[in-house]
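Colleague: Structure of the sequence below:
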Amino acid sequence: MSRPALIVLASLSAYCLLDIAVSFLVGMIWRTRAVAPADLPPTVRARRLLQLRLVPSVAAAAITLLVVMPAFAIFEPAHVDEEIGPVFALLAALAFCQLIVAALIATRSVSLTHRVEREWLRNSRALESSESAGLRAFAVESTSPMVALVGVFAPKLIASTSVVDACTAEEIARIAGHERGHFDARDNLKRWIMASLPDMLRWTPVHREIVDAWHHAAEDAADDATTGGEAIARAELAALLLKIVRLAPAPSWNAAVVSPFVEQHGLERRVLRLLRPELEPPAPLAIVPLVTLAVVSVAMIPAVSPPATLEQISITIEHLVQLGR
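Modeller: The predicted model follows:
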């Protein structure tokens, strides 16, 4: 096998091993519930959950690209035609499949979202700017009642005419204010990224648990954005949620990237939170974001490592290349 191909396969194999290790570590950290405790403000909780979910892919990619690949490329002899072992080939194939699956999921999600958005907007009318909280908002003809922020990169507020006709102008503005919170936080983009990560964690229950916890935190943050923490506004929003869920009890999104205004799942928790008087949440501890810490730490390894350390990394990868041969 040629040297360039061997370097690529070595990088894929290293990514696979690191991904498995970091995914396991993230799973252990998640079980402690220490990263995003429930008493944190929703915006902080959502941010930490997103960072935690990004760690396996980002950390594995950073270590591979900044440490393993350079070390192996530096010390791998030139003009060497080397045979690889089955373990090495299997790890590289697993990593390659992960990347392909992630790319397919990301592409399919964007395509389906665009298709759904195009179909809904075919027969639509723009909502008044006074009701849309500065969003591009449309009332559409739909066989099932729904209201959601739709799209990955340029989301639009889309509501069925049955929902718009059933709500007052003030209620529409309240809905738009909630979705504006999602828009400002780029929640649809974050949702799409988490659904498309190329790591082993996505095949475990921990992935769904973290994403669900992030979803609840993002909904709470959007609720707070539109109510400003005022008791009357919170009560009105709770009543509006119950009203809308009766109109649109079970929407089907078909893998499109959306932030629905209300869903059956988690509705009781959300309504109770809005109606329950809460103390001011404690200020979050000032911590370096997990992803930033991981990337910066990894980036420093080549600079502070003596050549012998990089050579040892190369030797370890070389053993992996020959394993099982």
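
Colleague: all strands for the stretch 151-300 of the chain, in order.
Modeller: Along the stretch 151-300 of the chain, counting by DSSP state E, counting those that start in this stretch, strands occupy 156-160, 258-260.

Colleague: in its sheet, what does the longest one sit against?
Modeller: With DSSP bridges as the criterion, the sheet partners recorded for strand 156-160 are strand 137-140 (parallel), strand 147-150 (antiparallel).

Colleague: Return the set of buried residues in that strand.
Modeller: Using 16 or more other C-beta atoms under 10 Å as the test for burial, strand 156-160 gives 156, 157, 158, 159, 160. C-beta coordinates here come from the backbone N, C-alpha and C atoms, glycine included.

Colleague: For this structure, name the helix or strand with the lowest mean pLDDT.
Modeller: Least confident helix or strand, the chain: helix 290-304 with a mean of 58, by mean pLDDT, DSSP states H and E.

Colleague: Distance-wise, check the residue nearest to the spatial centre of the chain relative to residue 30.
Modeller: Centroid-nearest residue in the chain, with C-alpha atoms, centre = their mean: residue 194, separated by 2.6 Å. Distance, residue 194 to residue 30, by C-beta to C-beta, to the nearest Å: 14 Å.

Colleague: next one: residue 170
Modeller: From residue 170 over to residue 30 (counting by C-beta to C-beta), the distance is 40 Å.

Colleague: With neighbour numbers in mind, choose between these two.
Modeller: residue 30 (20 against 11; other C-beta atoms under 10 Å).

Colleague: in what helix or strand does that one lie?
Modeller: helix 3-32 (DSSP states H and E).

Colleague: Report the next helix or strand after that helix in sequence order.
Modeller: Taking DSSP H and E, what comes next after helix 3-32 is helix 42-63.

Colleague: what helices or strands is the helix or strand just after that following helix leaning on?
Modeller: Later in the chain than helix 42-63, the nearest helix or strand by DSSP H and E is helix 69-75. Packing contacts for helix 69-75, counted by 3 or more C-beta pairs under 8 Å, 6 or more residues apart in numbering; DSSP states H and E, involve helix 3-32, helix 307-322.

Colleague: and the ones you listed, which one is worst for confidence?
Modeller: Among the helices and strands packed on helix 69-75, helix 307-322 has the lowest mean pLDDT, at a mean of 63.

Colleague: circling back to that earlier point, can you redo the strands of the stretch 151-300 of the chain as a markdown table with distance to residue 182 and mean pLDDT?
Modeller: Output for the strands of the stretch 151-300 of the chain, formatted as a markdown table (distance: least, C-beta to C-beta, whole Å; pLDDT from 0 to 100):
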| stretch | distance to residue 182 | mean pLDDT |
| --- | --- | --- |
| strand 156-160 | 9 | 88 |
| strand 258-260 | 4 | 77 |
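
Colleague: contacting residues for residue 19?
Modeller: Applying C-beta atoms under 8 Å, 6 or more residues apart in numbering, one finds that residue 19 lies in contact with 56, 57, 60, 95, 98, 198, 199, 200.

Colleague: From residue 44, how far off is the last one?
Modeller: Right, the one you point to is residue 200. Residue 200 is 27 Å from residue 44, by C-beta to C-beta.

Colleague: Which one's more surrounded, those two?
Modeller: A count of neighbours by other C-beta under 10 Å puts residue 200 above the other of residue 200 and residue 44, at 22 against 18.

Colleague: Could you double-check that that one lies in contact with residue 27?
Modeller: No. Residue 200 is beyond contact range of residue 27, at 9.8 Å (criterion: C-beta atoms under 8 Å).

Colleague: which helix is the longest one in the chain?
Modeller: The longest helix of the chain (DSSP state H) is helix 86-121.

Colleague: helices or strands next to that helix in the packing?
Modeller: helix 3-32, strand 137-140, strand 147-150, strand 156-160, helix 187-195, helix 307-322.

Colleague: avg pLDDT for the helix or strand immediately after that helix in the chain?
Modeller: Remark: after helix 86-121, the chain's next helix or strand is strand 124-126, criterion DSSP H and E. Across strand 124-126, the average pLDDT comes to 84.

Colleague: List the neighbouring strands of strand 124-126 plus their orientation.
Modeller: Strand 124-126 is paired, per DSSP bridges, with strand 137-140 (antiparallel).

Colleague: re the thing from before, from the buried residues of strand 156-160, pick the one nearest residue 136.
Modeller: The closest of the buried residues of strand 156-160 to residue 136 turns out to be residue 156 (C-beta to C-beta; 4.6 Å).

Colleague: Please report phi then psi for the residue nearest to the closest one when sequence neighbours are not counted.
Modeller: Spatially, and ignoring its direct neighbours in sequence, residue 156 is nearest to residue 136 (4.6 Å; C-beta to C-beta, 6 or more residues apart in numbering). Torsion angles at residue 136 (phi, psi; degrees, to the nearest 10) stand at phi -80, psi 110.

Colleague: show me the residues around residue 136 that make contact.
Modeller: By C-beta under 8 Å, 6+ apart, residue 136 lies in contact with 126, 154, 156, 157.
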